[in-house]
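1. got a sequence here, can you build the structure:
(2 chains)
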Amino acid sequence: ETGVTQSPTHLIKTRGQQVTLRCSSQSGHNTVSWYQQALGQGPQFIFQYYREEENGRGNFPPRFSGLQFPNYSSELNVNALELDDSALYLCASSLAGVVNEQFFGPGTRLTVL
Amino acid sequence: AQSVTQLGSHVSVSEGALVLLRCNYSSSVPPYLFWYVQYPNQGLQLLLKYTSAATLVKGINGFEAEFKKSETSFHLTKPSAHMSDAAEYFCAVSVGNAGNMLTFGGGTRLMVKP
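-> Sure, this is the predicted structure:
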């Protein structure tokens, strides 16, 4: 059984650029959630996808967008990057349901200069 | 809306000593509560979860937590710390009307002294 994988592991961008982060779900999982973890803080929920549709969104602006594909893999897109977007971006996959464990990937470290 | 507060951003214990990491939550509906651990340069790993069954929850690596509704707390304990327990620990809450979207606390870094 393959766990959650994310790519790339590290990324450096400049302010104003756009970035795409990728996540492959654990086998059999139909739900993907994305979190932003700033340095020294807890993860903050960005949004969740269930069966290719957005299923909830945290307090993030529209320049944060996502996709989920038929194989349940997912992308996080961020437009017009700002310095404060520098963070570890975590993807988590799970089965739908409030008590089901979310399995986290190792994250993508994004640095915006 | 729900929230989580972790008291103490850093906790230091000696090897073999009791570990106590504090978590208080706020929720207008019955919560589901989780503890996750994060080792350096890794994602989060679930230690244990409370899902309205037994109030004392046992997890992996000898950790356990007790749900106390009257105190709105879900503190994490381990009787005897190991050096390998040094990591960042996060408490999180999820509520029934919000899917399984997690709201995390700010984290507590546990340091274990030899």
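2. tell me the helices and strands packed up against the helix or strand hosting B:Leu46.
-> Using DSSP states H and E, B:Leu46 sits in strand B:44-50. Under the contact criterion of 3 or more C-beta pairs under 8 Å, 6 or more residues apart in numbering or on different chains; DSSP states H and E, strand B:44-50 touches strand A:103-104, strand B:31-38, strand B:56-58, strand B:64-68, strand B:73-78. Any C-beta I mention is one placed from the backbone N, CA and C, and that applies to glycine too.
3. just the ones you listed: most buried one?
-> strand B:31-38 (a mean of 24; mean count of other C-beta atoms under 10 Å in any protein chain shown).
4. give me the sheet partners of it and which way each runs.
-> Strand B:31-38 pairs in its sheet with strand B:44-50 (antiparallel), strand B:87-95 (antiparallel), by DSSP bridges.
5. relative to strand B:73-78, how tilted is the strand holding B:Leu46?
-> Per axes from the mean of the first three to the mean of the last three C-alpha atoms, to 10 degrees, the angle that strand B:44-50 makes with strand B:73-78 is 120 degrees.
6. now strand B:44-50 against strand B:64-68, angle please.
-> 50 degrees.
7. just name the shakiest helix or strand of chain B by mean pLDDT.
-> When the helices and strands of chain B are compared on mean pLDDT, DSSP states H and E, strand B:97-100 comes out lowest with a mean of 58.
8. distance of A:Gln68 relative to chain B?
-> 14 Å (C-beta to the nearest C-beta, to the nearest Å).
9. leaving out chain neighbours, which residue sits closest to that residue?
-> A:Tyr49 (3.7 Å; C-beta to C-beta, 6 or more residues apart in numbering or on different chains).
10. beta partners of the most centrally placed residue in chain B?
-> Nearest residue to the geometric centre of chain B (C-alpha atoms, centre = their mean): B:Trp35, 3.4 Å. Here B:Trp35 sits in beta bridges with B:Leu48, B:Cys91, going by DSSP bridges.
11. for chain B, which residues are neighbours of chain A?
-> Contact residues, chain B versus chain A (C-beta under 8 Å from any C-beta of the partner chain): B:4, B:6, B:32, B:36, B:41-46, B:49, B:51, B:90, B:92, B:94-96, B:98-107.
12. hmm, 10 Å instead?
-> Taking C-beta under 10 Å from any C-beta of the partner chain as the contact definition, chain B meets chain A at B:4, B:6, B:9, B:31-32, B:34, B:36, B:38, B:41-46, B:49-53, B:88, B:90-92, B:94-109.
13. wait, the residue nearest to the centre of chain B sits on B:Val57?
-> Yes - contact criterion C-beta atoms under 10 Å: B:Trp35 and B:Val57 qualify, at 8.7 Å.
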